[in-house]
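Trainee: heads up, no residue letters with this:
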């Protein structure tokens, strides 16, 4: 059996879980202790508040995991290969130099009572993702490519973590913007 047709290696599993745990902690740390005024401050009409970023992450955790499940359930393609290496891919996902518009379904719409609830839902969903990565035996993940993004099944786990890291960087940008409330 070829390495690519096996389930995740222990190294891949460990890396994905590490990235998922770390990005969850980064988000919690980024919003810890913020006031309602800070969470809901808007730097511009076309900018998201920190509260909206957290809501977006709670929504997209399930959305991105759903894309993974579709991909994992699909057919393998002999000779398939992701466009970027895992490291190149993570760097690209985390980067903030290219702005990306969220699809309508992933945009914040005040779906949660407050930011604490959105963060709680994010945490629950992330725990489910981590538990899945820890135990799954899905086959051929490197041979299943999401054509629209040119990523393989394993890289979908890195995408979920990297997406959170990208938005933690966005939170830092909001905090660094002139006029951001001190309390």
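Mentor: Here it is on my side, so go on. None of the values given here were measured: they were computed from a predicted structure.

Trainee: ranges for the strands of this structure?
Mentor: 145-146, 151-152 (DSSP state E).

Trainee: Check which helices and strands the helix-or-strand element of the chain with minimal mean pLDDT sits against.
Mentor: Within the chain, confidence by mean pLDDT, DSSP states H and E is lowest for strand 145-146 among all helices and strands, at a mean of 83. On a contact count with 3 or more Cβ pairs under 8 Å, 6 or more residues apart in numbering; DSSP states H and E, strand 145-146 meets helix 50-72, strand 151-152. Glycine gets a C-beta too; all of them are placed from N, C-alpha and C.

Trainee: Out of the strands of the chain, indicate the one that is most buried.
Mentor: Among the strands of the chain, ranked by average contacts under mean count of other Cβ atoms under 10 Å, first place goes to strand 151-152 (a mean of 24).

Trainee: can you give me how far it is from the chain middle?
Mentor: 15 Å (Cα atoms, centre = their mean, to the nearest Å).

Trainee: partners of that strand, with directions?
Mentor: Take DSSP bridges as the rule and strand 151-152 pairs in its sheet with strand 145-146 (antiparallel).

Trainee: Good, we can wrap up now.
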